[in-house]
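**Student:** Structure for the following, please:
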Amino acid sequence: MKKSILNENPDYIEFDNQDVGSLKHKVNLNSIANLSKEDQDLFIEYGIAQELQTPHKNIIHAFEYWATKTPNNVAAVYKGSSITYKQLDDEATILALVLKQKGIVAGDAVGLYVQRSLEMLVGILATLKLRAIYVPQDPRIVPKTMLKDISNLSNLKLVLSQSRHEDKLTFLNEDSLIFIDDELKKDIYKNLYGNIKLINHVNDDENKTCFILFTSGTTGTPNGVEVTHKNLCNILYNPPGNLGITSGVKVAQILNVSFDMAAWEILGCLGNGGTLLIRGKDIEETAKLADVIIATPSILTTIDPKKCNNIKTVAVAGEPCPTILANTWAQKGSFYNCCGPTETTIVNTMKKCDTNSFELSIGKPTPNNTVYVLNEDQKPVAIGEVGIMWAGGDCVTNGYINNTELNSKRYADDIFLKNNSKMFNTGDLGKWNKNGELIHYGRIDDQVKIKGFRVELDAISKIIECFKEVKRAVTLKHKNHLVSFIGLTSDVNIESQKDDFIEQIKKAIEDQLPYYYVPSDFKFLKELPKTSRGKIDKRLLRVSYTK
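**Tutor:** Numbers count the residues shown, from 1 in each chain. Below you'll find the model as predicted:
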C-alpha cells in the first residue's frame, strides 16, 4: 500500500491503495489509533473498497438506456405473456401521464400494492418516471390493517394496484386508487401505443429516494427505510452486484415485491438490459429457465440444481448460507454469498465462492462502500477479533421515515473518513479472516446467555448444516436451554436412526465449540417454515415448540 501525506493536518492521511485501483480517501488516524500499526494498515486495506464510477445516476435512466438501445428485446415474461422494452416503456409512460394528471409530482410517495406480474413492472417504472417514490407491498400476504398503517406512515398520495385486490383496499377512497390492469385497457390510450413522446423529466438527483421498504422492526412495528437512486445504482450497475446481467441474460423473479432483494431481481435486470422471468406458483419451473437466480438460502434449497442447466450466476443473502449449499451451486456457475440489511441497500458485501469452501465468508465490501468491525464504543477491534459490523459508503440509505430516535441509534457520521458520509450499525457480528474477508457470526440478537455463558446461535447451526442429511438448521434459545430445528433433505428418513444421528451432531458440536453450545433438544422437520420473504420463520418455530 502506497501512502503519502497530502495536507498539513497530521490527523489525516490520504492513501492510495494500489490493490484496489487507485482508491483515495482521507482516513482519520485518531479514530484508529488504538490499533497496532499493522492492524491500522489492514483496517484500511480490508475495510475500504475499490472506488468505481457508477454508469447510471438513477434507475429510470438505466432502464431508458436499454429501452432506447434494444427496444425490441423482451424485457419480461409472465405466464406465457411477454413484453418488449419498447412496450414496457410505452405502458409506463401512459401510466405516468395518468399519475401526473392525478397530481403526482417529484418526491410524492405512491403505494404499489401488487403481486408479481407485468403490471408490477409498469407501476414501478411509471412512478419513477415522475421522480416519485414507490412503496411496494403484496396485498395477498399483508393484512389489511397493516396496508392501512403503511399507507399512513408513508403519507401515500395514491395507490397503484390490481383489480383482483379491490377487497383488501376498501380503506382507500376512489380518487386515491388506480387499478393498473383496468386503467391500461381503456380505449382512450389505444392510439397512443407506439407513438408516445416521453414525459419531460429531469431525474438526475441521485440522492432522491427511489422507494421505501418496510422492515419488520425489532418491536414488530414496521420501519420504512428510504432507499435512494444512488444507493441502488451503486450495487445494481457495478460489478460484482450486476451479476453479469446484460442483453439477453434471463433473470428469475421469484421473490416478494416488498423484499429488498426483489429490487435486485427487477431493477438489476431491467437496468442492465436482461429479460425478467416472473414466476407463477412454481419457483423451480422459473428457476430452471434462468441464467441468474437471486434468492435466500431457504428458497434456494427448494430448487434442484440438476434441473437448472442454463444457470450462470446465483446470489444468496438474507440469512446464513449452508456451506454444502454454496459448494453445490458453485459447481453450476458463479455463486455469491452476500450480506447486508435493507438499510445498506440489499447487500454491501459479496463473496464469489469456490466449489470446495470450508469456511464460508461473506466477502468484502462492494465498490464505493466500507465495512468497519467495531466494539460497543465504536472503536475498531483488532483484526481477527469479533465485533459489530458497521457499513459505510454509497450503500447507506437515507434512514427511517418518521423515526428520529431509531435513526440516531443506528445511523451515525462516519468517524473514519473525512468526507461527510454516514455509517450504519448493521447489528451483525463479524471478523476479518487472514484473507481479508468477513466471517459472519450472526446477529447481535442471536448472541444469547446460557447458564452464564455467551453463545452465538449461528455457530451451532453452521456445524449442523455440514451434515449431508441436513438442508437447513436454526438454533434458538427456549427458557434457559438451546433447541436446534433441523430441516432434512427430501430423501432422508432418520426415524430408525434418530438417536445415533443426534449423537453424531452433538459430537461434531463438542469437537468445535465449548460444551455449553450443545443443544438440549433437536427437532427434525421435513421443511423449516419460511416467512413471506423466504427466510426461516423463527417466530413460528418459537411459538410451535413444545417439550
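**Student:** Quick one, grab the pLDDT at Ser496.
**Tutor:** Each residue has a pLDDT score; the one for Ser496 is 77.
**Student:** likewise Asn203?
**Tutor:** On the pLDDT scale, Asn203 gets 53.
**Student:** what's the answer for Arg533, then?
**Tutor:** pLDDT for Arg533: 85.
**Student:** Is it correct that it is in contact with Leu255?
**Tutor:** Yes - shown here, Arg533 and Leu255 form a contact pair, counting by Cβ atoms under 8 Å, at 7.2 Å. Backbone N, C-alpha and C define where each C-beta goes, glycine included.
**Student:** Would you mind grabbing the residues shared as contacts by the two?
**Tutor:** Counting by Cβ atoms under 8 Å, 6 or more residues apart in numbering, the shared contacts of Arg533 and Leu255 are Met261, Thr296.
**Student:** what ranges of the stretch 1-150 of the chain fall below the confidence cut-off?
**Tutor:** Filtered on pLDDT under 70, the stretch 1-150 of the chain yields the residue ranges 1-25.
**Student:** What is the longest strand anywhere in the chain packed up against?
**Tutor:** Secondary structure of the chain per DSSP state E: the longest strand is strand 422-432. Under the contact criterion of 3 or more Cβ pairs under 8 Å, 6 or more residues apart in numbering; DSSP states H and E, strand 422-432 touches strand 369-374, strand 387-393, helix 404-410, strand 411-413, strand 438-443.
**Student:** Swap in 6 Å and give it another go.
**Tutor:** Applying 3 or more Cβ pairs under 6 Å, 6 or more residues apart in numbering; DSSP states H and E, one finds that strand 422-432 contacts strand 387-393, strand 411-413, strand 438-443.
**Student:** for these, which one ends up most surrounded?
**Tutor:** Across these, averaging neighbours per residue (mean count of other Cβ atoms under 10 Å) puts strand 387-393 on top, at a mean of 25.
**Student:** so where do the helices sit in the stretch 151-300 of the chain?
**Tutor:** Using DSSP state H, counting those that start in this stretch, the helices of the stretch 151-300 of the chain run over 180-183, 229-236, 260-270, 283-287, 297-300.
**Student:** what is the rounded mean pLDDT of the very next helix or strand once past the last one?
**Tutor:** Yep, that's helix 297-300 we're talking about. Moving toward the C-terminus from helix 297-300, the next helix or strand (DSSP states H and E) is strand 313-316. Averaging the model's pLDDT scores along strand 313-316 yields 98.
**Student:** For the nearest residue to Asn402 once chain neighbours are set aside, grab the count of nearby residues.
**Tutor:** Of all residues not flanking Asn402 in the chain, Leu153 sits nearest, at 6.4 Å (Cβ to Cβ, 6 or more residues apart in numbering). Burial of Leu153 is recorded as 19 neighbouring residues (other Cβ atoms under 10 Å).
**Student:** just to revisit the earlier point, between Arg533 and Leu255, tell me which one has more neighbours.
**Tutor:** Between Arg533 and Leu255, Leu255 has the larger neighbour count (other Cβ under 10 Å), namely 25 against 21.
**Student:** measure the more buried one to Lys431 for me?
**Tutor:** Separation of Leu255 from Lys431 (Cβ to Cβ, to the nearest Å): 29 Å.
**Student:** now swap in Leu125 and tell me
**Tutor:** Counting by Cβ to Cβ - Leu125 and Lys431 are separated by 42 Å.
**Student:** Between those two, point out the one with more neighbours.
**Tutor:** Between Leu125 and Lys431, Leu125 has the larger neighbour count (other Cβ under 10 Å), namely 26 against 19.
**Student:** Against which helices or strands is the helix or strand encompassing the more buried one packed?
**Tutor:** Secondary structure from DSSP H and E places Leu125 in helix 118-129. If you count contacts as 3+ Cβ pairs under 6 Å, 6+ apart, helix 118-129 packs onto helix 59-69, helix 85-101, helix 180-183.
**Student:** Contacts for that helix, please.
**Tutor:** The contact list for helix 118-129 (Cβ atoms under 6 Å, 6 or more residues apart in numbering) reads 59-60, 76, 78, 83, 91-92, 95-96, 110, 112, 114, 134, 160, 162, 180-181, 199, 201.
**Student:** ditto for stretch 433-442
**Tutor:** Residues from elsewhere that reach stretch 433-442, judged by Cβ under 6 Å, 6+ apart: 46, 339, 349, 361-364, 386, 429-431, 456, 458.
**Student:** Could you tell me how far that stretch lies from the centre of the chain?
**Tutor:** Centre-to-centre, stretch 433-442 and its host chain are 19 Å apart (Cα atoms, centre = their mean, to the nearest Å).
**Student:** and if you look at stretch 249-263?
**Tutor:** Here stretch 249-263 shows a centroid-to-chain-centroid distance of 10 Å under the convention Cα atoms, centre = their mean.
**Student:** Buried residues, it. List them.
**Tutor:** Using 16 or more other Cβ atoms under 10 Å as the test for burial, stretch 249-263 gives 249-263.
**Student:** of all the helices and strands packed on helix 118-129, which lies closest to Leu406?
**Tutor:** With Cβ to Cβ as the criterion, Leu406 lies closest to helix 59-69 of these, at 26.1 Å.
**Student:** okay if I get the helices of the stretch 151-300 of the chain as TSV plus mean pLDDT and distance to Met423?
**Tutor:** Converted to TSV, the helices of the stretch 151-300 of the chain look like this (pLDDT from 0 to 100; distance: least, Cβ to Cβ, whole Å):
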stretch	mean pLDDT	distance to Met423
helix 180-183	95	39
helix 229-236	97	14
helix 260-270	97	19
helix 283-287	96	36
helix 297-300	94	27
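**Student:** Would you mind measuring from the most centrally placed residue in the chain to Asp499?
**Tutor:** With distances taken as Cα atoms, centre = their mean, Ile346 lies nearest the centre of the chain, 2.8 Å away. Between Ile346 and Asp499 the computed distance is 43 Å (Cβ to Cβ).
**Student:** nearest to Ala295, of the helices and strands packed on helix 118-129?
**Tutor:** helix 59-69 (21.8 Å).
**Student:** For the helix or strand just after the closest one, name the packing helices and strands.
**Tutor:** Counting by DSSP H and E, the next helix or strand C-terminal to helix 59-69 is strand 74-78. Helices and strands touching strand 74-78, by 3+ Cβ pairs under 6 Å, 6+ apart, are strand 81-84, strand 275-278.
**Student:** just checking, Val373 touches Gly387?
**Tutor:** Yes - judged on Cβ atoms under 6 Å, Val373 makes contact with Gly387 at a distance of 4.1 Å.
**Student:** any shared contact partners between these two?
**Tutor:** Contacts common to Val373 and Gly387, judged by Cβ under 6 Å, 6+ apart, are Val381.
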